[in-house]
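Asks: Compute the structure for the input listed below.
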Amino acid sequence: MEMVGALGGTEAARQLLRGRDASDGFTTLWEHGRLEMSVEAFVLLPRYQGLFTEE
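Replies: Below you'll find the model as predicted:
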C-alpha cells in the first residue's frame, strides 16, 4: 500500500511486474494459495487491459 500511495496504482503495478524476482507479497500469496489476489492476476482482468501491454 505504501508503494501505491507513493506511485499510484498503475505505476506500482508496473514496477512490481518489472522486477526480476518475486516480491515478498507474491511469495506470501503463493504460500497461502491465493495467487488470484496478486498484481499479476489483476492486470490480466479485461477492465485493466488498456493500462498494460503484453511486454
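
Asks: shaky segments in this protein?
Replies: In the predicted model of the chain, no residue satisfies pLDDT under 70.

Asks: That one: helices as residue ranges?
Replies: 2-7, 9-18, 24-31, 39-43 (DSSP state H).

Asks: just the CA coordinates of the shortest one, formatted as CSV?
Replies: Spelled out, it's helix 39-43. Extracted as CSV, the C-alpha positions of helix 39-43 are listed here (Å, rounded to 0.1, in the frame of the first residue of the first chain):
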residue,chain,number,x,y,z
VAL,A,39,-0.9,-8.0,-9.2
GLU,A,40,-0.1,-10.4,-12.0
ALA,A,41,-3.7,-11.8,-11.8
PHE,A,42,-5.3,-8.4,-11.6
VAL,A,43,-3.5,-6.9,-14.6
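
Asks: quick revisit: will you turn the helices of the chain into JSON lines that also has distance to Phe52 and mean neighbour count?
Replies: All C-beta atoms are positioned from the backbone trio N, CA, C, and that covers glycine. Shown next, in JSON lines, are the helices of the chain (distance: least, Cβ to Cβ, whole Å; neighbours: other Cβ atoms under 10 Å):
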{"stretch": "helix 2-7", "distance to Phe52": "15", "mean neighbour count": "11"}
{"stretch": "helix 9-18", "distance to Phe52": "7", "mean neighbour count": "14"}
{"stretch": "helix 24-31", "distance to Phe52": "16", "mean neighbour count": "13"}
{"stretch": "helix 39-43", "distance to Phe52": "5", "mean neighbour count": "15"}
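
Asks: Can you redo these as a markdown table, where the extra columns are distance to Glu55?
Replies: Below are the helices of the chain laid out as a markdown table (distance: least, Cβ to Cβ, whole Å):
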| stretch | distance to Glu55 |
| --- | --- |
| helix 2-7 | 19 |
| helix 9-18 | 9 |
| helix 24-31 | 19 |
| helix 39-43 | 12 |
